[in-house]
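>>> What would the 3D arrangement of this be:
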Amino acid sequence: MTRLVAFGELLIRLSPPDKLLLKSARSLDLHVGGAEANVAIGLASLGHDTAMLSRVADNALGQMARSSLAAAGLDVRHVASAPGRMGLYFLTPGAGMRPSDIVYDRAGSAFALSSEEDFDWDAAFAGATHLHLSGITPALGPKSAAAAIAAAKAAKARGLTLIFDGNYRARLWEAWDSNPRAILTELIGMADILFGNHRDIALLLDRPFSGDGSERRREAALAGFDAFPNLKLIASTARHVEDADSNRLAARIDTPAQAFRTDEVTISGIVDRIGAGDAFAAGVLHGLLTQPGDIQGAAQAGLALTALKHSLPGDASLFGREDIATFLSGELDVRR
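Numbering: from 1, shown residues only. Got it, this is the predicted structure:
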């Protein structure tokens, strides 16, 4: 049996209905999410045992966020209430040639104000087999960076598999006197599985990769494995944006010994792209947890879940195993 713990900030998303502009909206749709929580929700929907480790505002918004995760099937016993506020972000959905736009309002959140001493690693990791982190948490500020490193060290000391999703956010890092390369290098040095592409590895290693397409990605992956000997697997997607409503997407998994890339699929009529990368991570992890060592199956499950997520409003995938199977079968007719 496996049990995945996700550590990170919970956010409340507010967005205008019907793809209106934010400046002209008179009502806002609300969703609860956060990169790490989205992965845990996606895995819970696929039948996996998942838990959230976080801190939310000690008010009705925090209670609502916690209840939302519990309703999605997560263990929320280690989502504590604390002084501060809930982090928010406002999404203006894209349409046609107009890209989506996000405005963050998360400074001073209860999570960002928390320090590593506020988390009980022994209790949170009891019975756990995996810890999922992302590069967003250490980018929030010095306290969050220290807490992310402490979480990773605590997980490794207890024998957990560490999963890290790059999720590089330049604006968050630039908002404080940070050293993202040093912090991310320390975290990825402890990771067993990395979600990231050639650009993430180029940033970490401060070097370009000159190949084209698959050759460049393989070159970067091999450089990553060489620089981070603990890494066993790197997963990534290749996205081509035709417009806000139509993208082409392929998935890839690299190990030191082999690589697999899926065929490209066209995703049209996009309802909501937010959280698609988190859905990809959940799909890949589902594949690896159910069929260890099958990188082809894991890549295909990741592609299926991220493609399906584009059809669903909100931040997280809520699809089950039968939905992945249906997608991979190519069946698009009404199921009766």
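>>> show me where the chain has strands.
Assigned by DSSP state E, the strands in the chain fall at 3-7, 11-15, 29-33, 49-57, 75-82, 87-92, 101-105, 130-134, 161-165, 193-195, 233-243, 246-254, 259-261, 265-268.
>>> Reformat those as CSV; add mean neighbour count.
Just so you know, the C-beta spots here come from the backbone N, C-alpha and C atoms, and that holds for glycine as well. Formatted as CSV, the strands of the chain follow (neighbours: other CB atoms under 10 Å):
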stretch, mean neighbour count
strand 3-7, 25
strand 11-15, 22
strand 29-33, 19
strand 49-57, 25
strand 75-82, 18
strand 87-92, 20
strand 101-105, 13
strand 130-134, 28
strand 161-165, 24
strand 193-195, 25
strand 233-243, 19
strand 246-254, 20
strand 259-261, 17
strand 265-268, 15
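>>> want to throw those into CSV with distance to residue 150 and mean pLDDT?
Shown next, in CSV, are these (distance: least, CB to CB, whole Å; pLDDT from 0 to 100):
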stretch, distance to residue 150, mean pLDDT
strand 3-7, 10, 98
strand 11-15, 22, 96
strand 29-33, 24, 95
strand 49-57, 12, 98
strand 75-82, 15, 97
strand 87-92, 20, 95
strand 101-105, 24, 91
strand 130-134, 11, 98
strand 161-165, 13, 98
strand 193-195, 20, 98
strand 233-243, 24, 95
strand 246-254, 29, 96
strand 259-261, 33, 97
strand 265-268, 38, 95
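>>> Identify whichever of those lies nearest to residue 114.
strand 49-57 (4.9 Å; CB to CB).
>>> Distance of residue 204 relative to residue 77?
The spacing between residue 204 and residue 77, counted by CB to CB, to the nearest Å, is 34 Å.
>>> So for residue 123, which of the strands of the chain sits nearest?
Comparing those by CB to CB, strand 75-82 comes nearest, at 6.6 Å.
>>> Name every strand pairing with the closest one and say which way it goes.
Applying DSSP bridges to the sheet, strand 75-82 is found paired with strand 49-57 (parallel).
>>> so the partner strand versus strand 11-15, what angle?
80 degrees (axes from the mean of the first three to the mean of the last three CA atoms, to 10 degrees).
>>> Send over strand 49-57 as PDB, restricted to the C-alpha atoms.
The C-alpha coordinates for strand 49-57 follow below in PDB (Å, rounded to 0.1, in the frame of the first residue of the first chain):
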ATOM      1  CA  ASP A  49      -4.500   7.200  -0.400                       C
ATOM      2  CA  THR A  50      -3.500  10.800  -0.200                       C
ATOM      3  CA  ALA A  51      -3.100  13.400   2.600                       C
ATOM      4  CA  MET A  52      -2.500  17.200   2.700                       C
ATOM      5  CA  LEU A  53       0.000  18.900   5.000                       C
ATOM      6  CA  SER A  54      -0.600  22.700   5.100                       C
ATOM      7  CA  ARG A  55      -1.800  25.600   7.100                       C
ATOM      8  CA  VAL A  56      -4.900  27.700   6.200                       C
ATOM      9  CA  ALA A  57      -6.400  30.900   7.600                       C
END
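>>> list the buried ones in stretch 303-322?
303-310, 312, 314-319 (16 or more other CB atoms under 10 Å).
>>> for stretch 104-115, same thing?
Applying a neighbour-count criterion of 16+ other CB under 10 Å, one finds 106, 109, 110, 111, 112, 113, 114 buried in stretch 104-115.
>>> next one: stretch 113-129
Buried-residue list, stretch 113-129, by 16+ other CB under 10 Å: 113, 114, 116, 119, 121, 124, 125, 128, 129.
>>> any chance of those in a markdown table, with distance to residue 2 and pLDDT too?
A markdown table is the format used below for those (distance: CB to CB, whole Å; pLDDT from 0 to 100):
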| residue | distance to residue 2 | pLDDT |
| --- | --- | --- |
| 113 | 32 | 95 |
| 114 | 27 | 96 |
| 116 | 25 | 96 |
| 119 | 21 | 98 |
| 121 | 18 | 98 |
| 124 | 16 | 97 |
| 125 | 13 | 98 |
| 128 | 9 | 98 |
| 129 | 5 | 98 |
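>>> Throw those into CSV and include distance to residue 49, thanks.
Listed next are the buried residues of stretch 113-129 as CSV, based on distance: CB to CB, whole Å:
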residue, distance to residue 49
113, 29
114, 25
116, 25
119, 20
121, 18
124, 14
125, 13
128, 9
129, 9
